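Peer 1: okay, here's the prediction I keep looking at, along with the sequence it came from:
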Amino acid sequence: MASKTGSAPPGISPHRRLLARLRDVMAGSGTAQARLDKIVRLIAAEMVAEVCSCYLIRPGETLELFATVGLNPEAVHRTRLRVGEGLVGAVARSAESMALADARDHPAFAYRPETGEDPYRSFVGVPILRGSKVRGVLTIQNKIRRHYAEEEIETLQTIAMVVAELVAGGEMGGRTELASSDAGAAMPTRIGGTTLNGGLAQGLAVLHRPQVTIREMVADNIDDELERFGEATRTMQSSLDQLVARTRKAGIDEPRDILETFRMFAEDRGWLGRIAEAIRTGLTAEAAIQRVRNDMSARMAHLTDPYIRERLSDFEELANRLLMHLAGRTSAASAEALPDEIVLVARSIGPAELLDYGDGRIKALVLEEGSATSHVAIVARALDIPAVSRCAGVMSQVEPLDPVIVDGDNAQILVRPAEDVQDLFNENQALRARRRREYAELADLPAETRDGLRVSLALNAGLLVDLPHLAETGADGIGLYRTEIPFMVRSAYPDVDAQTDLYARVVAQAGDKPVVFRTLDIGGDKTLPYLGEVEQENPALGWRAVRIGLDRPAMLRQQLRALVRGAAGRPLSIMFPMVAEIGEFDRARSLLDAELDRARAEGRPTPSSLAVGSMVEVPALMWQLPELLRRADFLAVGTNDLLQYLFAADRANPLTAGRYDPLSPPFLSVIDQLVQACRAAGKPLSVCGEAAGRPVEALALIGLGVRALSMAPGSVGRIKAMVRSLEVGPLADYLRMMTGRSASSMRPALLAYARDHGISI
Ligand code: PEP
Ligand code: MG
């Protein structure tokens, strides 16, 4: 174990000597400012630099000179730069070190006369990083043109870590000013974000701050440190094993998949090796972990590839775990007494960390970062808790144990809600609970209209955890199984056996109820990490779904093979996404035929019945309907994409998503034509986009003649209630009468109709 005192023994490397002196400074007395002043003097002396300065980030993206030796002392606390301004600002913005033999040649160079830095030519700046946040910049300068050695830069980076701890340890004068402004902290606040999972919940804030303050940076005895590191690694690995076993016992499948991948990373030799190497340079185990993490975070700051970012954040989570094990803690979750109803607030969080908080106490999740496709979003869905991400500044605006309402449906959180908001929330919750009870009572009743017409209500699914909803909701089957979702949560492409196993489980869990498998709908915003990123200017209009399947027939064939095998002689329904022309459907279907031939040749069972359908998402299909319907056994409208392509409005762009109404005449006319065409051809038609799960839209669809809807599990109850309160005959007459009368959305008219006819909306 490292000790806090003691000087460097003679004859050790300059790097270690500097670290040892630094340790003495850190352990010594005096204010944080005094220690920072000593640190810059020490660095300047040991690294033979004429200038050493430390800039720290202040609110408003400003860097302030906090300590210097060599520059004008008067400039301390006076010189300020914006992040991005000058060389120091550039280092802060990029989170990357910069070494220049002649700073004045660099385009970002900004001269500040008050600092008196004009005689200095060479420059090294390293970011002061903690986690993935830049806290400041540490620089050295020399008068002569000097090429700094890699080792010197690394030494400076290590020292920057110490400074980061000094700042984060709360000892720095005016620390609250160094963090974000506290103004208004006690006021009710609304923070908008992006929905990762819908729903409404309330609880007390728990700030997920996994970072452990590192007090000792310099190792006394390298072997001891390596030993501590080895032990913490083993403990971490076995605690992850336990977590995997726990989730397995709880029957949560996809998070387990993710965790197992994560567990694999915990044995990554490259990562563990780099930490051990850093220990051998003289750092404590904690400092070495931090060091390697900082390097990774700095790299991560520039990466746009979501897969690599996700992997690096896995390592960040692992680093936190290791630090906690070194500190003798088991997880961030166990570090404090936690309330019973937690709203977990984090900058970002890994799937394993989220699961650490355990059994049903987490009511909602709020993140500063994180996209809908991230692993943690998938886990949040599996846990069925509302989750909102991209809540800017939430970590600094929420205090521990603040009451927080998370409104996933409206992508917002309400911090310290005022009394009237709180009342509204309580009413809303009571209403939801009552509705849930009412809907649960409907589960065993048929979705039949008052005039005796049966409407099929099915589920959209994609995770195994969705399947129990079949029984709970009384849905008629799975109208859309999004096969890409299980692909998205894996770190490697699942082979035919893995896919077969998955599809067989889906079919088995669905029992007698039919499942419509949609072949991989990747591309666009749904990327598969291991397939490599394809740069596309307009991903939604690009290489996606069946287009990829036809261009990579081996991939599609493998999936079809697995589907045939998974059906194991039972009925099988398959549909292809994003079909734009008949030829695509024909080619996809012929790949399926080839797989059926193969199954026969291998003596395997083929499905007892087979239905092959096409999704209707691309408007061009509207002009090919008779030909398509001669080939396809059924059609399924994906309203999300159909609306996107019909109105040329990106569904992923907040400025255009929701801009056009599916209850507008053009969209309803498309549905009407589809109903007529399918009726004439005697082929089933279903609607499986989000609109199918919204009562007024579903009302219109049924009025136009759609008899099968597929939706998120949470929508089945209210749609069934609507169906059971409806008489279709008069509604169809009403819609026919209204057709052509209104140039804009039918929504107000339909709402009024529902109200006048006692339809439950
Ligand atoms: C749709 O486009 O409406 C649909 C159901 O498919 P996805 O949302 O998966 O693209
Ligand atoms: Mg779609």
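Peer 2: In hand now; what should we look at? Ligands and ions are numbered 1, 2, ... in the order given.

Peer 1: so which bits of this structure are right by ligand 2?
Peer 2: 638, 641 (CB under 5 Å from the ion). All C-beta atoms are positioned from the backbone trio N, CA, C, and that covers glycine.

Peer 1: please identify the residues of the chain in proximity to ligand 1?
Peer 2: For the chain, the residues in contact with ligand 1 (CB under 6 Å from any ligand atom) are 480, 482, 521, 617, 638-641, 688-689.

Peer 1: try 8 Å
Peer 2: Contact residues (CB under 8 Å from any ligand atom) of the chain with ligand 1: 460, 480, 482, 484, 518, 521, 524, 526, 577, 615, 617, 636-644, 651, 688-691.

Peer 1: which residues does Leu65 contact?
Peer 2: 53-55, 71, 75-80, 115 (CB atoms under 8 Å, 6 or more residues apart in numbering).

Peer 1: and these, which of them are buried?
Peer 2: With neighbours counted by 16 or more other CB atoms under 10 Å, the contacts of Leu65 contain buried members at 53-55, 71, 75-76, 79, 115.

Peer 1: and stretch 188-196, C-alpha only, in PDB?
Peer 2: What follows is stretch 188-196 as a C-alpha-only set of coordinates in PDB (Å, rounded to 0.1, in the frame of the first residue of the first chain):
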ATOM      1  CA  PRO A 188     -38.300  23.500  -9.400                       C
ATOM      2  CA  THR A 189     -36.600  22.800 -12.700                       C
ATOM      3  CA  ARG A 190     -37.700  21.100 -15.900                       C
ATOM      4  CA  ILE A 191     -35.100  19.500 -18.000                       C
ATOM      5  CA  GLY A 192     -35.900  18.200 -21.500                       C
ATOM      6  CA  GLY A 193     -34.100  15.300 -23.100                       C
ATOM      7  CA  THR A 194     -34.700  12.300 -25.400                       C
ATOM      8  CA  THR A 195     -36.900   9.400 -24.500                       C
ATOM      9  CA  LEU A 196     -35.100   6.100 -24.000                       C
END
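
Peer 1: what mean pLDDT does it get?
Peer 2: In this model, stretch 188-196 has an average pLDDT of 89.

Peer 1: what comes up buried for the lengthiest helix in the chain?
Peer 2: Across the chain, the longest stretch assigned as helix under DSSP state H is helix 222-249. Buried residues in helix 222-249, counted by 16+ other CB under 10 Å: 222, 225-226, 228-229, 232-233, 235-236, 239-240, 243-244, 246-247.

Peer 1: then stretch 591-598?
Peer 2: Buried, per 16+ other CB under 10 Å, within stretch 591-598: 591-592, 595-596.

Peer 1: now render the residues you listed as JSON lines, adding secondary structure and pLDDT.
Peer 2: Shown next, in JSON lines, are the buried residues of stretch 591-598 (DSSP: H, G, I helix; E, B strand; the rest coil; pLDDT from 0 to 100):
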{"residue": "Leu591", "secondary structure": "helix", "pLDDT": "98"}
{"residue": "Leu592", "secondary structure": "helix", "pLDDT": "98"}
{"residue": "Glu595", "secondary structure": "helix", "pLDDT": "98"}
{"residue": "Leu596", "secondary structure": "helix", "pLDDT": "98"}
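
Peer 1: would you format those as TSV with distance to Val723 included?
Peer 2: Output for the buried residues of stretch 591-598, formatted as TSV (distance: CB to CB, whole Å):
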residue	distance to Val723
Leu591	37
Leu592	33
Glu595	37
Leu596	37
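
Peer 1: out of these, which is nearest to ligand 1?
Peer 2: Nearest to ligand 1 out of the buried residues of stretch 591-598 is Leu592 (CB to the nearest ligand atom; 19.8 Å).

Peer 1: distance of that closest one from Tyr493?
Peer 2: 20 Å (CB to CB, to the nearest Å).

Peer 1: pretty sure Val637 is in contact with Asp672, am I right?
Peer 2: No - here Val637 does not reach Asp672: they are 11.8 Å apart, not a contact under CB atoms under 8 Å.
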